[in-house]
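Participant: Generate a structure from the sequence data that follows.
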Amino acid sequence: MDFRQIIADALKKELGKDIVLEVPPDAAMGDFAYPCFELSKEMKKSPMQIAQELSKKLPSIVGVSEVKAIGPYVNFFVDKQSLMKDTLLKVFDEKEKYGGSSIGKGKTIVIDYSSPNIAKPFGIAHIRSTVIGNSLYKIYGKLGYKVVRVNHLGDWGTQFGKLIVAYKNWGEGEKLASHGIGHLVDLYIKFGEEAKLNPVMEDEARSWFKRLEDGDKEALKLWELFREMSLQEFDKYYKRLHVEFDSYSGEAFYNDKVEGTIKHISSKTETKLDDGALIVDLKQYNMPPVLLRKSNETSTYHARDLAAIFYRLKEYKPEKILYVVDARQQLHFQQLFKVMELSGEDKRKLEHLQFGLMTYEGSAMSTRAGNFVLLEEVLDKAIELALSTIDKKNPALKNKHTVAEQVGIGAIIFGDLVNDRARDVDFTWDKALDFEGETGPYLQYTHARMCSLLRKSEKKISSKIDFSMLNNEKELIKALHNFNEAIMQAHTNNKPHVIARYLLDVAQLFNSYYQNNPILKEEEKIKSARLLVVDCVRQVLKNGLELLGLEAPEEM
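Facilitator: Reported below is the predicted structural model:
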């Protein structure tokens, strides 16, 4: 039973308008509230007077035990037994499907996320786009959408001209075979250092990229080697994070589609030559021009991204294309979306979900400067710490290496997702490896604790209980009732942290409840009722962790 919707419908019937309900800050003030400020101008009465009159005028509402005016608000108190029974039965029956809906049925969403540059290390900073995008994929899927997961690899551009020059000058085949992508990183850093002393090398790099675009065999052979080596490296991390993609089509995939894209754009909006380069002038929109083709005839980052948009719109026919890319690219996407609009496309189908910068102890990370932290190093240290903790607290735990991986990697993922994505995040080892407080391991431990309790009960959980035995559970069960609302809010704002914060609230409510309400020692009717509550909280916590990309160990 959707109590919020039932109340909103009753108010809409009375007032003749759509209603937005609020949740009071204190449970003593009810479960839902309707503010009467907006009605004040229309009715030429004070909000307090309107609230008083409306509270008396409303007919009885199914599932609502009391309607009461408190100041300028009409407050609604949901019948405790109805709320608890309806919610517990729904969670118990739907299990892993609980919290979902079909609002996205028949709609496709494309999510562009992770998108590392090949021949560069997979650093901790890459985790932001990767885990935010993966969580959004799960959230949209939970709501019935078909989701296309795109890893738009940075596998084209002048940087590959630089890498080819570096490899031809200083590369070692044996070292590449043994060190893999690490050798390519060293070469890229060395190129940056040498180019400062000898700027002619930049021209040489541009020349090699032009040869690459023109299909030069030697350039293509080296590029394919670098790309394949990079994909093998990236796959290791994606497997550890349990992240998958439907497409790895990067910038190179759109290379043969650029000319068609440029012709199409030129037919729809004005383009012009500027010092030999083809541009779309966006001066009237207070933006720099979009460079479609360089003066040396090579393609551009903008042109390839525009080709990708046209391809995705035609191929997937999406409701929206979401770009999970950091805030530094804001202008780039504003330019892209404006050109799409000028070309006659609906720019509302395109959205840049920007996230804050990840720094390392206060400094921006840069491969070129050699200032970065490898994701592999972070994951390994987190797992090592988790294993050490397990050895101290539960040395007899079966599959402890598997659990340590679930907990260690879960800590890193949750440590990012618990933040509003718009916030900047400063990576420090102490924070990354902190398993205490509002963390992923805390939620996983709470889930394991409930599993342990259910095992100890040696009872088959049943929904056929005496619901009158539940008296102290309303706030906890109301939180379970609000799971879908949390998912919807995360979906509307494209912010997974809403679910992370929700799960922390549920876990804290449960742990407080568990401390104050005996379960296994109670008489049979109360024990059965409370075990159903425990099982339903466990299910919601597991479902929520899944939406964030975390596993839910049954033992820790």
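Participant: gap between the residue nearest to residue 482 when sequence neighbours are not counted and residue 490?
Facilitator: Nearest residue to residue 482, sequence neighbours excluded (CB to CB, 6 or more residues apart in numbering): residue 502, at 7.5 Å. Where C-beta positions appear, they are placed from N, C-alpha and C, glycine not excepted. Look at residue 502 and residue 490: by CB to CB, to the nearest Å, they are 8 Å apart.
Participant: So between the two, which is more surrounded?
Facilitator: For residue 502 versus residue 490, neighbours defined as other CB atoms under 10 Å are more numerous around residue 490 (25 against 21).
Participant: need the contact list for that one.
Facilitator: The neighbours of residue 490, taking CB atoms under 8 Å, 6 or more residues apart in numbering as the test, are 139, 496, 497, 498, 499, 547.
Participant: Present these as TSV; the columns should include neighbour count, secondary structure and distance to residue 380.
Facilitator: Shown next, in TSV, are those (neighbours: other CB atoms under 10 Å; DSSP: H, G, I helix; E, B strand; the rest coil; distance: CB to CB, whole Å):
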residue	neighbour count	secondary structure	distance to residue 380
139	25	helix	29
496	27	coil	25
497	20	helix	26
498	21	helix	30
499	27	helix	27
547	27	helix	26
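Participant: ok, so of those, who is nearest residue 420?
Facilitator: residue 497 (5.1 Å; CB to CB).
Participant: Verify the stated contact: that closest one with residue 415.
Facilitator: No. Contact criterion CB atoms under 8 Å: residue 497 and residue 415 do not qualify, at 11.3 Å.
Participant: element containing residue 472, please.
Facilitator: Residue 472 is part of no helix or strand when elements are defined by DSSP states H and E.
Participant: Any chance of the backbone angles for it?
Facilitator: When quoted as degrees, to the nearest 10, the phi and psi of residue 472 stand at phi -110, psi 20.
Participant: Could you shift the numbering so residue one becomes 44, and keep it that way?
Facilitator: Got it, the first residue is 44 from now on, which makes the last one we talked about residue 515.
Participant: ok, now how distant is the closest residue to it other than its chain neighbours from residue 513?
Facilitator: The spatially closest residue to residue 515, leaving aside those adjacent along the chain, is residue 560, at 5.8 Å (CB to CB, 6+ apart). Note on residue 560: its distance to residue 513, by CB to CB, is 10 Å.
Participant: Convert the host helix or strand of the residue nearest to residue 525 to CSV, retaining C-alpha atoms only.
Facilitator: Residue 545 belongs to helix 540-559 when assigned by DSSP H and E. Taking Å, rounded to 0.1, in the frame of the first residue of the first chain, the C-alpha atoms of helix 540-559 are listed here in CSV:
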residue,chain,number,x,y,z
HIS,A,540,24.5,8.6,-2.3
VAL,A,541,20.8,8.9,-1.5
ILE,A,542,20.7,5.1,-1.2
ALA,A,543,23.9,4.9,0.7
ARG,A,544,22.6,7.4,3.3
TYR,A,545,19.3,5.6,3.4
LEU,A,546,21.0,2.3,4.1
LEU,A,547,23.0,3.8,7.0
ASP,A,548,19.8,5.1,8.5
VAL,A,549,18.2,1.6,8.2
ALA,A,550,21.2,-0.1,9.8
GLN,A,551,21.3,2.4,12.7
LEU,A,552,17.6,2.0,13.3
PHE,A,553,18.0,-1.8,13.3
ASN,A,554,21.0,-1.9,15.6
SER,A,555,19.2,0.4,18.1
TYR,A,556,16.1,-1.8,17.9
TYR,A,557,18.2,-5.0,18.4
GLN,A,558,19.8,-3.6,21.5
ASN,A,559,16.5,-2.7,23.1
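Participant: Could you report the neighbour count for residue 407?
Facilitator: Residues lying near residue 407 (other CB under 10 Å) number 13.
Participant: Give me the phi and psi angles of the closest residue to it other than its chain neighbours.
Facilitator: Nearest residue to residue 407, sequence neighbours excluded (CB to CB, 6+ apart): residue 400, at 6.7 Å. Note on residue 400: its backbone torsions stand at phi -70, psi 140 [degrees, to the nearest 10].
Participant: I'd say residue 400 and residue 372 touch.
Facilitator: No. The criterion here is CB under 8 Å, and residue 400 misses it with residue 372 at 11.0 Å.
Participant: burial measure for the closest residue to residue 395 other than its chain neighbours, as a count.
Facilitator: Leaving aside its sequence neighbours, residue 395 sits nearest to residue 376 (CB to CB, 6+ apart; 3.9 Å). Residue 376 has 17 neighbours, counted by other CB under 10 Å.
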